[in-house]
Each structure stands twice: as structure tokens, then as C-alpha cells.
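Undergrad: Provide a 3D model corresponding to the input given below.
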Amino acid sequence: MSQPDYILQCHELGKQFAKFTAVYNLNLNIHAGEFFSILGPSGCGKTTLLRMLAGFESPTHGRIVLNSLDVTETPPNKRPLNMVFQHLALFPNMSVADNVAFGLKQRGENDHQIKIKVQDILRRVDLKGSETKRTDQLSGGQKQRVALARSLVLEPKVLLLDEPLGALDLKLREQMKIELKHLQKEFGTTFIYITHDQSEALMMSDRIAVMNAGRFEQIGTPTELYMRPSTPFVAEFVGENNSIVAKVVDLASSTLSAVTQQGETLSLPRSCFQVEPKINQSIKVYLRPEALTMSSNPIDGEPISGKLNELLFDGAASGAIVSTNLGDLRLSITPNQLSDLQLKQRAERSSRIAVDLRWDPNQAIALGVSG
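TA: Alright, predicted model coming up:
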């Protein structure tokens with residue numbers, strides 16, 4: 001029996017195609033009203049999972065419980081959910097109003113109620129006045145809102161979204177991230193969002209499942225996944241990260257010692273480790289670019305000397321790559337810092353100027369690896 005707090009549950013859900021297993025025995029609980037994203041690279045099984053939830057694919061084994069009812073064998077048109085596809089699938093020969101009304105007409109609602117519902121939903125997605133326009137007269141963002149309105153007007157318990165922003169240009173995609181989150185909060189509908197774009201998932205989601213090779217690597221809030229990844233895959237897939245391979249050599253105190261492949265010794269607090277480390281254990285130490293700073297001040301953290309390799313201008317997201325004894329490390333810098341470094345390069349007549357880096361061991365994450 002499902003807990004009433006959960007709108008959707010998967011129990012040991014799996015899908016196999018001939019000898020290939022696309023999804024392995026997944027367990028998942030999604031709360032009512034939650035914006036839940038499934039994030040992973042192409043081919044990881046996320047679309048197969050979404051198609052099983054929608055009823056377009058039958059699981060090889062396991063159960064799907066939706067709104068306290070087992071819908072594993074229920075056909076798609078009988079499930080209290082709807083789906084928005086990447087290419088939207090709007091009817092180009094119909095007006096905006098007719099596109100939105102299509103599902104209501106198929107359900108047999110009367111014309112008066114349909115008109116009221118269509119006008120209300122178009123107002124709520126900021127498309128009032130566009131009722132008579134054809135969809136080919138709309139911008140990409142407006143088409144996206146029509147597709148959402150067509151699904152939301154049916155008042156589904158769950159809305160499935162299969163990479164719906166993938167066909168939009170970058171600026172419009174950034175705008176639609178904010179709009180989607182706003183609409184989800186306004187309607188209170190449970191969104192299950194499939195994407196390979198970590199920025200989409202991190203910005204919009206209440207929780208995220210990171211998927212890899214048919215399995216969930218970690219489920220958590222965006223902050224948990226970013227700040228406390230539990231596997232090397234999550235650490236490397238979610239956000240930028242520097243990784244340093246090392247081996248634990250001393251467990252004698254609260255600060256552990258690990259030796260890198262380059263022979264450098266790192267001092268790491270136990271709080272860096274997700275599980276208690278073992279002597280001679282191989283680990284990867286992860287440092288986010290923002291955890292590294294250019295400074296020669298001893299109080300700013302552990303010292304690393306290196307040579308500037310590349311400057312990467314990207315406005316507020318600018319960065320630099322520094323060659324060090326620990327390998328090439330990427331760090332975040334401000335546009336003003338980038339300009340200062342360019343001036344120093346010109347003054348010294350060299351692109352590979354010497355720089356001092358500092359890092360805070362308390363911001364590192366250490367994860368065990370095989371081998």
C-alpha cells in the first residue's frame with residue numbers, strides 16, 4: 001500500500017530488450033507536487049524509464065504505483081498523467097485554442113466548459129490573446145507554453161517532460177527554465193523531468209536522480225548532489241570538478257594523509273570522506289573550481305604552485321587552467337581577475353606566468369575508487 005505522501009512509486013522496476021538490460025531494478029518514491037528530475041547521459045536508460053511510467057513500454061519486471069493504484073499494466077490513455085515531448089507535437093493546422101482544447105474534446109467535455117478552461121489556462125501561461133493564432137506564428141517559447149497548457153488543462157496528477165527544452169536556443173532555454181519552475185509551483189502538478197543537461201536539473205528541481213547505465217547513482221536535492229556526491233560518477237557528471245588520484249597512507253589522526261600519483265602528500269580531514277577510509281585505499285579527491293583561489297596568503301588554505309595554462313572568458317563564469325604538480329587544475333575567477341592576469345602576461349611577455357593557488361581541504365570530497 002503506497003504512502004499517501006507519494007504520488008508515484010516504482011518497485012524493482014526493470015526493462016530488458018533481448019540480451020540488453022536498459023533499466024535495472026529501480027526503486028523510486030516521488031512526492032505529490034514535487035519537481036523531480038532524472039539526469040543522465042545519452043543511453044543511460046532515462047527515456048526508457050519515462051516511457052514505462054507513461055505506459056508506452058511494458059516493464060520486464062517490477063511495479064508502477066500511481067496515486068495509490070498499481071498502473072503497471074494500465075494503458076497510457078487510462079493513466080492520470082500526461083506527457084510533453086521534446087518536439088512538442090503540436091498540430092500546425094490548428095489554432096492555439098484548438099491545440100489546447102484537443103484533449104478536452106477527446107474526453108467528451110461540453111463546448112462551454114472547454115472554452116472556459118482554455119481561456120483560463122492560456123491566461124495562466126501568459127498566452128491570453130493568442131487563441132486564434134496558428135502555432136507556426138508563435139515563437140519557440142510560446143510553442144513551449146502551448147504544449148504545457150495542452151497537458152495542464154487536463155489536470156493530470158503527474159506531468160512527464162522528455163527533454164522539452166532541447167530544441168530551443170540557449171537564451172530561450174535559460175528563460176524557459178525559470179518559466180517552467182514558476183508554472184510548476186503555480187499549478188502544483190508533479191513534474192517528472194528527463195534531461196541530460198545538469199544546469200536544467202540543478203536550477204529547477206526539488207530533487208534529482210542521477211542515472212548511469214540503467215541504475216540510479218544517487219538521489220538527492222541539487223545542493224546534496226553538488227556539495228556531497230556519493231559516487232565518482234556523480235562527482236564528475238554534476239558540475240565542473242578537478243579530480244586528484246591518491247592513496248591513503250596514514251589514519252593516525254583526525255587529519256588523514258594521502259599520497260598522489262605524482263608523489264605529493266595531501267592532508268585531508270575525515271569530513272571529506274563519505275565512508276570511513278582504509279589504509280592503502282585508492283581514492284579520488286574532488287575540488288570544485290570555486291574551491292580554488294589564486295592567493296599567496298597562507299591563511300587562505302593549502303598551497304599549490306603552478307603555471308597559468310589557459311584563461312577562459314565567460315563573463316561571471318570565467319575560469320583559468322593552471323598546470324601544477326597535481327595535474328591541470330581548473331578554478332573560477334572573476335572577469336577583473338582575468339583582466340589582471342592578461343596584463344601580467346603582457347608585462348612578463350609570457351602566457352605561462354607563475355601563480356600561487358590555495359585550496360580549503362574542508363571543501364574537498366574524497367571517494368574510494370576500485371584499483
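Undergrad: pretty sure Leu268 is in a strand, no?
TA: Yes - assessed by DSSP: H, G, I helix; E, B strand; the rest coil, Leu268 belongs to a strand.
Undergrad: helices or strands next to the helix ranked longest in the chain in the packing?
TA: In the chain, assigned by DSSP state H, the helix with the most residues is helix 170-187. Contacting helix 170-187 under the criterion 3 or more C-beta pairs under 8 Å, 6 or more residues apart in numbering; DSSP states H and E are the following elements: helix 111-124, helix 140-152, helix 198-204. Bear in mind the C-beta positions are built from the backbone N, C-alpha and C, glycine included.
Undergrad: Give the partner strands of the very next helix or strand once past it in its sheet and their orientations.
TA: Per DSSP states H and E, the first helix or strand lying C-terminal to helix 170-187 is strand 190-195. If you go by DSSP bridges, strand 190-195 pairs up with strand 35-39 (parallel), strand 158-162 (parallel).
Undergrad: would you turn the ones you listed into JSON lines with mean pLDDT and mean neighbour count?
TA: Below are the strands paired with strand 190-195 laid out as JSON lines (pLDDT from 0 to 100; neighbours: other C-beta atoms under 10 Å):
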{"stretch": "strand 35-39", "mean pLDDT": "97", "mean neighbour count": "25"}
{"stretch": "strand 158-162", "mean pLDDT": "93", "mean neighbour count": "22"}
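Undergrad: In TSV: those strands, plus distance to Phe85.
TA: Below are the strands paired with strand 190-195 laid out as TSV (distance: least, C-beta to C-beta, whole Å):
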stretch	distance to Phe85
strand 35-39	15
strand 158-162	5
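Undergrad: closest one to Ala89 among these?
TA: strand 158-162 (10.6 Å; C-beta to C-beta).
Undergrad: Would you mind putting the CA coordinates of the closest one into CSV?
TA: The C-alpha trace of strand 158-162 is given here as CSV (Å, rounded to 0.1, in the frame of the first residue of the first chain):
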residue,chain,number,x,y,z
VAL,A,158,1.7,13.8,-13.0
LEU,A,159,3.3,15.6,-16.0
LEU,A,160,6.1,13.8,-17.7
LEU,A,161,8.6,16.0,-19.6
ASP,A,162,11.0,14.4,-22.1
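Undergrad: now that strand: how far from the chain's centre is it?
TA: Averaging C-alpha coordinates over strand 158-162 and over its chain gives two centres that are 15 Å apart (C-alpha atoms, centre = their mean, to the nearest Å).
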